[in-house]
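Asks: Here is a sequence together with a model predicted from it:
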Amino acid sequence: MPSESTGNNDSSSIVEQMRKEMRSRVKQARNNPITRDRLQQLEEQFNKLYKNFIGRGVQDQGDIEEDIKLVTELKEHCAVADNLVEFRMVLEEVFSNISEQYRKKVVEDILSHENAHVNSGEASGHKFDGYAVLFIQSQFSIETTQPFCVIDPDPSWGAREFLERHLYVTIAPATYGNRLSFGDERNLSVYLAELKELDEKEQRAKQIITFKNQSSEK
């Protein structure tokens, strides 16, 4: 009969293997940072796809495939994690060069922030596709990283449903007692502006229909 200590050793071995794999992913991403120019190009391409979608009001299969292609390229410069346990290990390795006390606070803040996005994303119908830390090439010796989570919208959503659900996900950290990042605040402003514009378009459309109906009755 296996002893309790054998079971503990097996668990420790699994955890250590997982940690070793996360260290390897961090090392690989650290050695392959994305250039700032290429990151800007990808952001512009993501924004173009977003504008196409909001303008049409429905998602296009070609744009969905292009989005997947861009995300795949971005992940080539990331240490990816499939779950929260792996993500913690990735973050601990990324910030291993700072003091333990400060590292613990940084890691916990990031985990809380990104997990809030994920929880709200799954609750609003998004598909969770992992966590990641992006490594960005720096002209200085300071390492630049960007943690994030990947949550995909349902392809059937129209523009309004997309914006309302993304708005819910964007403000999630604040509802969990965390702060919004600069990117969250920027996205919040964009989504609110887009929703306001949709409301105005729908109101104008209703006014036109009402005018036509009144004219036909005369």
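Replies: Alright, I've got the coordinates. Numbering: from 1, shown residues only.
Asks: low pLDDT regions in this structure?
Replies: Applying pLDDT under 70 to the chain flags residues 1-9, 141-142, 205-218.
Asks: Let's see that with 90 instead.
Replies: 1-13, 55, 57-61, 138-143, 176-178, 198-218 (pLDDT under 90).
Asks: where do the helices sit along it?
Replies: Assigned by DSSP state H, the chain shows helices spanning 4-30, 36-56, 61-75, 84-94, 100-123, 159-170, 172-175, 182-217.
Asks: Which of those sits closest to residue 149?
Replies: Closest to residue 149 of the helices of the chain, according to C-beta to C-beta: helix 100-123, at 4.6 Å. Every residue, glycine included, has its C-beta placed from N, CA and C.
Asks: Buried residues, the closest one. List them.
Replies: For helix 100-123, burial by neighbour count (16 or more other C-beta atoms under 10 Å) applies to 103, 106-107, 110-111, 113-118, 120-121.
Asks: could you say what helices and strands that helix packs with?
Replies: On a contact count with 3 or more C-beta pairs under 8 Å, 6 or more residues apart in numbering; DSSP states H and E, helix 100-123 meets helix 84-94, strand 127-136, strand 144-152, helix 159-170, helix 172-175.
Asks: Sort out which one of the buried residues of helix 100-123 lies nearest residue 182 for me.
Replies: Checking the buried residues of helix 100-123 one by one against residue 182 (C-beta to C-beta), the nearest turns out to be residue 113, at 12.1 Å.
Asks: so what's the closest one up against?
Replies: 173, 178-179, 181 (C-beta atoms under 8 Å, 6 or more residues apart in numbering).
Asks: How about residue 148, nearest residue that isn't a chain neighbour?
Replies: Nearest non-adjacent residue to residue 148, counting by C-beta to C-beta, 6 or more residues apart in numbering: residue 132, 5.9 Å away.
Asks: so that neighbour sits right up against residue 78, yeah?
Replies: Yes: with contact defined as C-beta atoms under 8 Å, residue 132 counts as touching residue 78 (4.0 Å).
Asks: Alright, calling it a day.
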